[in-house]
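Asks: This is the structure alone, sequence omitted:
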C-alpha cells in the first residue's frame, strides 16, 4: 500500500478548528450568508420565476382593488381602499413566495443535495436561516414591483428612507417566518404530493384570516381571535403604517416587530432540529 | 500495518423492528480504499449515513481520525467528505460556483479559495468546463465534480456511495482513476459502497460483504476468492456465496425509483 509523504501532507489536512463563543457566532452568520448567496446565484441564473410571480399581485390590485375601491363597502379610515389593500397585497405576495419554499427542500432531498450539506460542519440553524433569508430576497423583488404598481395606481406611498428601511426589514422578517414555517411542514410530510396539498389548504385561510384586505374590526368575533394570532396580521399592520403616507398601525411597529421576531426565532429553532431528519 | 483512521465498534441501527445495520465492527487503515459490498437493502447506505453523521446510531460507536461520530459529530464533519449516491451537484449553478459554496462552508480562507477551486477542477479534469452550468455536464463530469466538492477541504476520509452507478464503462473508468489518484497523491482513505464486483476487484484494497445488516465476509479480494476455493473464482462467486441468492433482493419501490432516476439523470 502506498503512503506517500504523509507527514509532509499533514499540515494541509482538514482538521477541527478551535471553538470560541464569538467565533461560533461569526461563523454562524458567515455560513448563513453563504447559503443565502447560493440561493441568490440560482435566482440569477434563472430569474423567470420572479416575473411569473409578479402577475398575481398585479391582478389583485388592478381588478379586486379597483372594484372594491368603487364599492366603498369597507371602512378604511383616512386612506382609500386601494391604499388600504396595497400593503396587504405586498404581505400576500411575501406569503405566496415563501409558503411553498419548503418544496425546494423536498426537491433537494430527492436529489441528494441536502445530504451533502448536512455532512459539512455547517450549523443546522445556518442552513435553515440562509434559506429563510433567501426567501426574503425573493420577496424584496416582489416589493419593488408592488411599489411600482402602487405608484401607477396613485397610491400615496411614503418615500421616507427610514420608512422604506422599515418595510425592508418587515418584508424580510415576514418572508423568513413563512419560509421557515414551510420548511417545517416539508420536514414533517416529506413528500411533494402531501406538501402541495397542505400548502394549498393553509395559504388562503392564512390570508383571509388577517387584516390584509379588510380591517379586523369588521370580522365576526371568532375570526378576530384567529386573526390576532396570525403573524401575517402583524406583518400587514407594520407595512400599512410604513408604506403609506397616511398609514396607521393598530398595534405599533414595536409590537409588530417583536411578534414577528419571536415567532420566526421559535420556528428557526424547530426547523433546525427537524431539518437533519429529512435525510433519515 | 499502518494506523487505523476509522474504527467502528458494534455499530447498530434499527428502524422500528428492522435492524438495518447489526453490530458492525470494522477497522480501516489510513490510505486504504475500502469497499462495502452487498445486495440492495444490505445496510451499506445506512452504514455510510451513520459514519457521515447524517444518522445517529441506535447503539455502538465509531471514531474517525480519533473523533467520535456520536459525541463530536462536528469535528468528524470537518475531516470527512461525502458523495451521496444521489445526484448532489446543483445543476442550476456552474461547476465553479458549486465548488465555491463548499470551499466557503469548509472554511477555506478567502486567499486560498480561488487557487484551491482551480486546482480541484484541474485535478478532476474539469478546468475547461468551470463556468458551464452543471446541467450541461455529462454524467461522468457531474460525478467528478461531486467528488471535487467533497474533497475541496482535503478530508482524511472520503465516503463514496455507489460512485459509478448509472455511468457508462468509460466514465466509470475515469472516475476510478481519479479516486486512485486522490489516494496516491493525498493519502486519503476512501470508503465506498458498490455492487459492481469489477469495481471492488480493481479499486479496493479490502472489501467487506454485507448481508441483512451484518458483515459476513471481510478481506482483500484475493483472500475472499481463496476462502471459497475453486479455480477461476471471481468476486461475483464470492458475493453470491456470502450474500445468498438474489431472489428476494432488489430494494423497495422507492429505492428502485430513486436509483433509476439518478441513473437517468447521470446518463
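Replies: Yep, that arrived. All of these numbers come straight from a predicted model, not from anything done at the bench.
Asks: what's the burial count for the residue in the stretch 101-250 of chain A that chain B sits nearest to?
Replies: Relative to chain B, the nearest point of the stretch 101-250 of chain A is residue A:112 (2.6 Å; C-beta to the nearest C-beta). Yep, even glycine has a C-beta here, placed from its N, CA and C like the rest. By the measure other C-beta atoms under 10 Å in any protein chain shown, the count of residues near residue A:112 is 20.
Asks: Could you pull up phi and psi at it?
Replies: In terms of degrees, to the nearest 10, the main-chain angles of residue A:112 are phi 100, psi 0.
Asks: Point to the residue nearest the middle of chain B.
Replies: Centroid-nearest residue in chain B, with C-alpha atoms, centre = their mean: residue B:160, separated by 1.6 Å.
Asks: wait, is that residue part of a strand?
Replies: Yes. With DSSP: H, G, I helix; E, B strand; the rest coil as the criterion, residue B:160 is part of a strand.
Asks: quick one: low-confidence ranges for chain B?
Replies: For chain B, the stretches flagged by pLDDT under 70 are B:1-2, B:245-256, B:258-267.
Asks: Quick check: the residue in it that chain A sits nearest to vs residue B:100, distance?
Replies: Of all residues in chain B, residue B:86 sits closest to chain A, at 2.6 Å by C-beta to the nearest C-beta. Taking C-beta to C-beta, to the nearest Å as the measure, residue B:86 falls 21 Å from residue B:100.
Asks: can you check residue A:171 too?
Replies: Counting by C-beta to C-beta, the gap from residue A:171 to residue B:100 is 28 Å.
Asks: still on that earlier bit, any idea how far the residue of chain B closest to chain A is from residue B:202?
Replies: 24 Å.
Asks: Residue B:122 too?
Replies: Using C-beta to C-beta, residue B:122 is found at 25 Å from residue B:202.
Asks: Surely residue A:214 and residue A:71 touch.
Replies: No. Residue A:214 is beyond contact range of residue A:71, at 11.8 Å (criterion: C-beta atoms under 8 Å).
Asks: Who has more neighbours out of those two?
Replies: residue A:214 (20 against 8).
Asks: check which helix or strand covers that one.
Replies: Residue A:214 belongs to no helix or strand when assigned by DSSP states H and E.
Asks: Also residue A:256?
Replies: Counting by DSSP H and E, residue A:256 is found in helix A:253-274.
Asks: how far does stretch A:94-111 stretch from start to finish?
Replies: 27 Å (C-alpha to C-alpha, to the nearest Å).
Asks: Next, the buried residues of that stretch.
Replies: Using 16 or more other C-beta atoms under 10 Å in any protein chain shown as the test for burial, stretch A:94-111 gives A:94-106, A:108-111.
Asks: what's the answer for stretch B:76-96, then?
Replies: B:76-91, B:93-96.
Asks: start to end distance for that stretch?
Replies: 26 Å.
Asks: From the centre of chain A outward, give me the first residue you hit.
Replies: Short answer for chain A (C-alpha atoms, centre = their mean): residue A:175, at 1.1 Å.
Asks: Touching, that one and residue A:143? I think so.
Replies: No. Residue A:175 is not in contact with residue A:143 according to C-beta under 8 Å; the separation is 9.7 Å.
Asks: shared neighbours of the two, anything?
Replies: Counting by C-beta atoms under 8 Å, 6 or more residues apart in numbering or on different chains, the contacts common to residue A:175 and residue A:143 are residue A:94.
Asks: Just want the angle from the helix or strand containing residue A:134 to helix A:253-274.
Replies: For residue A:134, the host element (DSSP H and E) is helix A:124-152. Following axes from the mean of the first three to the mean of the last three C-alpha atoms, to 10 degrees, one obtains 140 degrees for the angle between helix A:124-152 and helix A:253-274.
Asks: quick one, phi/psi of residue B:88?
Replies: The phi/psi pair for residue B:88 (degrees, to the nearest 10) reads phi -110, psi -10.
Asks: One more: residue B:196?
Replies: For residue B:196, the backbone dihedrals (degrees, to the nearest 10) come out as phi -100, psi 110.
Asks: Tell me who's in contact with residue B:52.
Replies: Per C-beta under 8 Å, 6+ apart, neighbours of residue B:52: A:119, B:77, B:80, B:82, B:159.
Asks: Columns distance to residue B:136 on top of those residues, output as CSV?
Replies: Listed next are these as CSV, based on distance: C-beta to C-beta, whole Å:
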residue, distance to residue B:136
A:119, 26
B:77, 31
B:80, 30
B:82, 25
B:159, 27
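Asks: Just the ones in helices from those, please.
Replies: residue B:77 (DSSP state H).
Asks: quick one: which two of the contacts of residue B:52 are the most distant?
Replies: B:77 and B:159 (11.5 Å; C-beta to C-beta).
Asks: Low-confidence regions, chain A specifically.
Replies: For chain A, the stretches flagged by pLDDT under 70 are A:1-19.
Asks: all helices of it, in order?
Replies: Here chain A has its helices, by DSSP H, at A:6-9, A:21-45, A:48-53, A:55-59, A:66-71, A:81-99, A:102-111, A:113-118, A:124-152, A:161-189, A:192-208, A:221-229, A:231-243, A:253-274.
Asks: I'd like those helices laid out as a markdown table, including distance to residue B:138.
Replies: Listed next are these as a markdown table, based on distance: least, C-beta to C-beta, whole Å:
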| stretch | distance to residue B:138 |
| --- | --- |
| helix A:6-9 | 31 |
| helix A:21-45 | 19 |
| helix A:48-53 | 26 |
| helix A:55-59 | 37 |
| helix A:66-71 | 53 |
| helix A:81-99 | 35 |
| helix A:102-111 | 17 |
| helix A:113-118 | 19 |
| helix A:124-152 | 29 |
| helix A:161-189 | 31 |
| helix A:192-208 | 27 |
| helix A:221-229 | 53 |
| helix A:231-243 | 46 |
| helix A:253-274 | 36 |
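Asks: Looking at those helices, which is nearest to residue B:67?
Replies: helix A:113-118 (16.6 Å).
Asks: residues in contact with the closest one?
Replies: Helix A:113-118 is contacted from outside by A:105, A:108-109, A:124, A:127, A:275-276, A:278-279, B:53-54, B:82-84, B:86-90, B:105, B:146, B:149-150, using C-beta under 8 Å, 6+ apart.
Asks: try 7 Å this time
Replies: With C-beta atoms under 7 Å, 6 or more residues apart in numbering or on different chains as the test, helix A:113-118 has contacts from A:105, A:108, A:127, A:276, A:278-279, B:54, B:82, B:84, B:86, B:88, B:90, B:149-150.
Asks: So what's the gap between that helix and the chain middle?
Replies: 22 Å (C-alpha atoms, centre = their mean, to the nearest Å).
Asks: so residue B:190, which of the three states?
Replies: Going by three-state DSSP: residue B:190 is strand.
Asks: Dig out what it forms beta bridges with.
Replies: Counting by DSSP bridges, residue B:190 is bridged to residue B:33, residue B:158.
Asks: ranges for the helices of the stretch 1-150 of chain B?
Replies: B:44-51, B:73-79, B:95-105, B:110-123, B:139-151 (DSSP state H, counting those that start in this stretch).
Asks: possible to save the ones you listed as a markdown table with distance to residue B:175?
Replies: A markdown table is the format used below for these (distance: least, C-beta to C-beta, whole Å):
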| stretch | distance to residue B:175 |
| --- | --- |
| helix B:44-51 | 17 |
| helix B:73-79 | 23 |
| helix B:95-105 | 16 |
| helix B:110-123 | 13 |
| helix B:139-151 | 5 |
